[in-house]
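> Quick one, fold the following:
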Amino acid sequence: MNENVFISLDLGTSNVLAYVAGQGIVYNEPSIMAYDNYTNSLVALGNDAYEMVGKTHEGIRMVIPIRDGVISDLEATSDLLKSIFARLRMTNSWKNSIVLLACPSGVTELERDALKKVAMSMGAEIVLVEEEVKMAAIGAGLNIDLPRGHLVLDIGGGTTDVALISSGEVVVSKSIRVAGTSFDMEIQKYVRSEYNISIGEKTAENLKKQIGSLVKYPGERVMQIYGRDIVSGLPKEARITSDEVRNVLLNAFSKITDLLIEVLEATPPELAGDIMKLGITICGGGALIRNVEKYFYDIFQIPAKIAPDPLNCVIEGTKLFQKTVERRLENGMYKKTRMKDFF
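Below you'll find the predicted structure:
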């Protein structure tokens, strides 16, 4: 392991996080890129590109290379990783590296292979793919190696994953493409239908973060927003209440509730008892929505808690999982990844 650098990546729809052994988390920025349409060159990425959302001209196109845990643009994903590590002056770290990629449980083998190919094109020697929700559980501080059932709910930007984990592995898992980005889209649709105003992704996200909730809370307020009147095309403003945003979120969360029910129905009886005692651990950006833990407790009458630092659970889990990777390497459990393995 000495000659191989350990790199782990949480390639999310909302954010990309990168960890390099010995250096910690070296990158944590939005997974969005801006390209010049005329030269097809990369103009900006991360925070710089995010600042450009909704404010560009026709000569610039915004690209999110990874949507719902799936590479939607292979070339852009490669550009993204190369640009991140070039900016950090760490491109050489990839040579003969061991790369751990965290991805949603619903990702297909073809999609996993696409992720592996990107890492290999950067020079990785061994490429491993683990479920995000498993890494999130480790990052949340759960001892998943014990023969005890842990129910983990990871509400990310593109996907929501639910998994029952025991004895170090996932027993049952389900994934749905309903998460942070789709919450924002539903808020946009609501404002358009109720107020005839077209608002941007950032405005919808701000509504969700600032006044969104799943259960009524003291001091609820109204937020003033600005957009474009879809009839006249002129700028227009509206006042949106917490109650309105909550109703939109509750509708979207009903699908996540159904997903949890599916996992609970497939849970072995002995592990069901553990869930009653240990409850649900909530990770990801969706854990930051006000009263999310109370919402799930009210429905299932099962204790629900938000993980410490829910946004970074996955990448923190990959850091801790490094020791397991090292142990398995010593036992010869991993082999070098080769391009011909995919054909």
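
> since we're on the closest residue to Leu311 other than its chain neighbours, how many residues are nearby?
The spatially closest residue to Leu311, leaving aside those adjacent along the chain, is Gly285, at 5.9 Å (Cβ to Cβ, 6 or more residues apart in numbering). No exception for glycine: its C-beta is placed from N, CA and C like everyone else's. When counting by other Cβ atoms under 10 Å, one arrives at 23 neighbours for Gly285.

> In this structure Gly285 contacts Gly158, no?
No. Here Gly285 does not reach Gly158: they are 10.5 Å apart, not a contact under Cβ atoms under 8 Å.

> so what sits against both of these two?
Common neighbours of Gly285 and Gly158 are listed as 14, 179-180 (criterion: Cβ atoms under 8 Å, 6 or more residues apart in numbering).

> Using a markdown table, lay out those together with neighbour count.
What follows is those, written out as a markdown table (neighbours: other Cβ atoms under 10 Å):
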| residue | neighbour count |
| --- | --- |
| Ser14 | 21 |
| Ala179 | 28 |
| Gly180 | 25 |
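
> Using CSV, please lay out those together with pLDDT.
Below are the shared contacts of Gly285 and Gly158 laid out as CSV (pLDDT from 0 to 100):
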residue, pLDDT
Ser14, 85
Ala179, 93
Gly180, 93
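
> got a markdown table for these, with secondary structure too?
Written out in a markdown table, the entries for the shared contacts of Gly285 and Gly158 read as follows (DSSP: H, G, I helix; E, B strand; the rest coil):
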| residue | secondary structure |
| --- | --- |
| Ser14 | coil |
| Ala179 | coil |
| Gly180 | helix |
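
> Hmm, Leu153 is touching Ile280, no?
Yes. Applying Cβ under 8 Å as the test, Leu153 and Ile280 come out as touching, 5.6 Å apart.

> Which parts of this structure belong to which domain?
Using automatic domain parsing, the domain ranges for the chain come out as 6-135+313-342, 142-178+254-309, 180-248.

> and the second one, average pLDDT?
Averaged over domain 142-178+254-309, pLDDT sits at 95.

> Helices along the stretch 101-250 of the chain, start to end?
Secondary structure of the stretch 101-250 of the chain (DSSP state H, counting those that start in this stretch): helices at 109-121, 132-139, 180-195, 201-211, 242-265.

> hey, which of those is tucked in deepest?
Mean neighbour counts were taken over the helices of the stretch 101-250 of the chain using mean count of other Cβ atoms under 10 Å, and the top value, a mean of 28, falls to helix 132-139.

> and for it, what are the contacting residues?
Contact with helix 132-139 is made by 10, 69, 102-105, 144, 150, 152, 154, 156, 161-163, 165, 169-170, 173, 281, 283-284, 307, 309, 312-321, as judged by Cβ under 8 Å, 6+ apart.
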